[in-house]
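S.K.: Sequence first, predicted coordinates after that:
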Amino acid sequence: MASMESLILQLHEISAVKFGNFKLKSGISSPIYIDLRLIVSYPSLLRQISQSLIASLPPHTHYNLVCGVPYTALPIATSISLDHSIPMLMRRKEVKDYGTSKSIEGVFDKGQTCLIIEDLVTSGASVLETAAPLRAAGVNVTDVVVVIDREQGGRENLEENGIQLHALFKLSEMVRILRKKGKLEEEMEGVVMRFLEENRKVAVPKVEKAIIKALGFQERAKMTKNATAKKLFEVMVKKESNLCLAADVGTAAELLDIAEKVGPEICLLKTHVDILPDFTPDFGSKLRSIAEKHNFLIFEDRKFADIGNTVTMQYEGGIYRILEWADIINAHIISGPGIVDGLKLKGLPHGRGLLLLAEMSSAGNLAKGDYTAAAVKIAEDHSDFVIGFISVNPASWPGAPVNPAFIQATPGVQMVKGGDALGQQYNTPYSVIHDRGSDIIIVGRGIIKAENPLETAREYRLQGWKAYVAKCT
């Protein structure tokens, strides 16, 4: 490992240490500026710094991943990864609105611990900006190792956020060595030291939430592998509607009536066929006729939950024969991926699609955390049949946003936030689509119990679509 003095003198020699008047990211002006981007052109120095960083860590420091703060620390992290065979992750500074739209690139498991690599720290803001998406993805962040600590509050700011700072050397140490070796005039040494004394605590600048332009339905239709998902995207674009009516009414006659009334405003109609006392074998064909007339798809909210063999029979047979008339069904994953295999066996040859229940909108439900992550994994493994999720706040999921080929549909939507006596929680169309990252609003009682269901459905459609447009612009 190179000595601290040797590294400082080499950095000075390549002009990585500059004196003058510089504005830092934190907003303050500084008489000294460290530009470690230059070390990419000096491989020997880059390797010396990388090796010294790891050697400087306390023996008890635990990590099994590394991630460099973009962009200066990326080559340092890469060197560490290669020299020590430690898997590396990368944080995208600008999350793309196409492809996977991921903020963290690389392979990792929830619960792993990532060591952040940085060139220098002033307030700690850049480190926190990198730690946030890592933690959101389920990766632990407890330590950061840096080349230089500018001694301006970064250590304290990071400690407040549960991150311990390790540094090769402090800025004051660098200045003293440069002065001792005749590389710095006494007057400039005094200027820098006074600056450090007067700026011991630099506040972390407020980090504005990144606004990511969402991919439009037209583009996403080209990404899906499922014919029903493609059709749903196309219907939404053509009708400018991301509204699904939850037709939870008491009879088949009422359901067909409300479907006829609000059909022009919706892209999807959700049914609970097993609550209809007057169900007859021709119900499906009657509903499909209305759906074709008004160009919407049918979603039977069956919530399959049994083993594969059982759900296959429930889907195709029985008195309801759901496979014959429902474009989309949904399922819990509590019984494992076999349930998808069973439903897919019958549904895929008919061009049907499946939504997985990744979250629920009722208070106290257990569909969260690891359950949600498991649903995403199963969906990725069966993306030819699984077309998306029933979700509540997909923007908060680890690794969000998920694959844009998947459709997010959210229940519990009303014009005003609130809840009911049975634990159903409601959110507004704008918050669900724009803020929470969903695609389709599912509205039931807000439309069904309205004095004029058609006008109310139109208002929901307009609000939902407006939120979608805002998210895409």
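M.R.: Nice, I can see it.
S.K.: Can you name the residues that contact the closest residue in space to E359 that isn't next to it in sequence?
M.R.: Leaving aside its chain neighbours, E359 sits nearest to V392 (4.1 Å; criterion: Cβ to Cβ, 6 or more residues apart in numbering). No exception for glycine: its C-beta is placed from N, CA and C like everyone else's. If you count contacts by Cβ atoms under 8 Å, 6 or more residues apart in numbering, V392 has them with E359, M360, S361, T410, G412, R436.
S.K.: so the first one, which of the three states?
M.R.: Read that as E359. At E359, secondary structure determined by DSSP: H, G, I helix; E, B strand; the rest coil is coil.
S.K.: Over to it: give its phi and psi.
M.R.: Backbone dihedrals for E359, given as degrees, to the nearest 10, come out at phi -150, psi 160.
S.K.: do the same with the fourth one
M.R.: With angles defined as degrees, to the nearest 10, T410 shows backbone torsions of phi -120, psi 120.
S.K.: Report the spatially closest residue to it, excluding sequence-adjacent ones.
M.R.: Nearest one to T410, counting by Cβ to Cβ, 6+ apart, is S438 at 4.1 Å.
S.K.: check contacts around the one you found.
M.R.: By Cβ under 8 Å, 6+ apart, the contact list for S438 reads S391, P394, Q408, A409, T410, V432.
S.K.: Would you mind identifying the helix or strand in the chain with the lowest mean pLDDT?
M.R.: strand 418-419 (a mean of 50; mean pLDDT, DSSP states H and E).
S.K.: Could you list the low-confidence segments of the stretch 151-300 of the chain?
M.R.: Low-confidence segments of the stretch 151-300 of the chain, defined by pLDDT under 70: 202-213.
S.K.: residues in contact with D83?
M.R.: By Cβ under 8 Å, 6+ apart, the contact set of D83 is R47, S50, Q51, I54.
S.K.: Endpoints of stretch 155-173, how far apart?
M.R.: With Cα to Cα, to the nearest Å as the measure, stretch 155-173 spans 16 Å from end to end.
S.K.: Could I get the buried residue list for it?
M.R.: By 16 or more other Cβ atoms under 10 Å, the buried positions in stretch 155-173 come out as 155, 157-158, 163, 165-173.
S.K.: what's the closest of those residues to E324?
M.R.: E324 lies nearest to I163 out of those, by Cβ to Cβ, at 56.8 Å.
S.K.: Confirm for me that the closest one is in contact with V145.
M.R.: No: using Cβ atoms under 8 Å, I163 makes no contact with V145, being 10.8 Å away.
S.K.: Now list whatever residues contact both of those two.
M.R.: Common neighbours of I163 and V145, using Cβ under 8 Å, 6+ apart, are I116.
S.K.: Low-confidence stretches in the stretch 351-473 of the chain?
M.R.: Residues of the stretch 351-473 of the chain that meet the cut-off, pLDDT under 70, sit at 361, 398-401, 417-426.
S.K.: Mind doing that once more with 90?
M.R.: 359-373, 393, 395-404, 412, 414-427, 435, 473 (pLDDT under 90).
S.K.: all helices of it, in order?
M.R.: Under the criterion DSSP state H, counting those that start in this stretch, the stretch 351-473 of the chain contains helices at 370-381, 429-430, 445-448, 453-471.
S.K.: Just the CA coordinates for the longest one, please, in PDB.
M.R.: Going back to what we said before, that points to helix 453-471. Below are the C-alpha coordinates for helix 453-471, written out as PDB (Å, rounded to 0.1, in the frame of the first residue of the first chain):
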ATOM      1  CA  PRO A 453     -72.700   6.700 -13.700                       C
ATOM      2  CA  LEU A 454     -71.800   7.600 -17.300                       C
ATOM      3  CA  GLU A 455     -70.900  11.200 -16.400                       C
ATOM      4  CA  THR A 456     -69.000  10.100 -13.300                       C
ATOM      5  CA  ALA A 457     -67.100   7.500 -15.300                       C
ATOM      6  CA  ARG A 458     -66.200  10.200 -17.800                       C
ATOM      7  CA  GLU A 459     -64.800  12.400 -15.000                       C
ATOM      8  CA  TYR A 460     -62.700   9.500 -13.600                       C
ATOM      9  CA  ARG A 461     -61.500   8.700 -17.100                       C
ATOM     10  CA  LEU A 462     -60.400  12.300 -17.700                       C
ATOM     11  CA  GLN A 463     -58.700  12.500 -14.400                       C
ATOM     12  CA  GLY A 464     -56.900   9.200 -14.800                       C
ATOM     13  CA  TRP A 465     -55.800  10.100 -18.300                       C
ATOM     14  CA  LYS A 466     -54.600  13.600 -17.300                       C
ATOM     15  CA  ALA A 467     -52.400  12.000 -14.600                       C
ATOM     16  CA  TYR A 468     -51.000   9.600 -17.200                       C
ATOM     17  CA  VAL A 469     -50.200  12.400 -19.600                       C
ATOM     18  CA  ALA A 470     -48.500  14.400 -16.900                       C
ATOM     19  CA  LYS A 471     -46.400  11.400 -16.000                       C
END
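S.K.: in that helix, what counts as buried?
M.R.: Using 16+ other Cβ under 10 Å as the test for burial, helix 453-471 gives 453-454, 456-461, 463-465, 467-468, 471.
S.K.: Who are the packing partners of that helix?
M.R.: Using 3 or more Cβ pairs under 8 Å, 6 or more residues apart in numbering; DSSP states H and E, the elements in contact with helix 453-471 are strand 243-246, helix 252-262, helix 429-430, strand 440-443, helix 445-448.
S.K.: which one of those lies closest to R194?
M.R.: helix 429-430 (51.2 Å).
S.K.: which outside residues touch that closest one?
M.R.: V413, M415, I441, Y460, Q463, G464, K466, A467, A470.
S.K.: Between those residues, which sits nearest M193?
M.R.: Comparing those against M193 with Cβ to Cβ places A470 closest, at 50.7 Å.
S.K.: For the closest one, list the residues it contacts.
M.R.: Residues counted as contacts of A470 (Cβ under 8 Å, 6+ apart) are Y430, H434.
S.K.: one more time with 6 Å
M.R.: Contact analysis of A470 by Cβ atoms under 6 Å, 6 or more residues apart in numbering lists H434.
S.K.: Then L38 would be within a helix, right?
M.R.: Yes: membership of L38 in a helix is supported by three-state DSSP.
S.K.: what about D282, neighbour count?
M.R.: Using other Cβ atoms under 10 Å, D282 has 9 neighbouring residues.
S.K.: mind starting the numbering at 36 from now?
M.R.: With the count now opening at 36, the last piece we talked about shows up as D317.
S.K.: pretty sure K53 is touching Y68, no?
M.R.: Yes: using Cβ atoms under 6 Å, K53 is in contact with Y68, at 4.6 Å.
S.K.: Identify all contacting residues around the helix or strand containing Y68.
M.R.: For Y68, the host element (DSSP states H and E) is strand 64-69. Contacts to strand 64-69, defined as Cβ under 6 Å, 6+ apart, come from residues V52, K53, F54, N56, F57, K58, L59, L155, I183, V226, V227, F230.
S.K.: try stretch 400-411
M.R.: With contacts defined as Cβ under 6 Å, 6+ apart, stretch 400-411 is touched by I368, L391, A393, E394, M395, V437.
S.K.: could you dump those to a markdown table with neighbour count and distance to D416?
M.R.: Listed next are these as a markdown table, based on neighbours: other Cβ atoms under 10 Å; distance: Cβ to Cβ, whole Å:
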| residue | neighbour count | distance to D416 |
| --- | --- | --- |
| I368 | 21 | 11 |
| L391 | 25 | 11 |
| A393 | 27 | 14 |
| E394 | 22 | 19 |
| M395 | 21 | 22 |
| V437 | 24 | 13 |
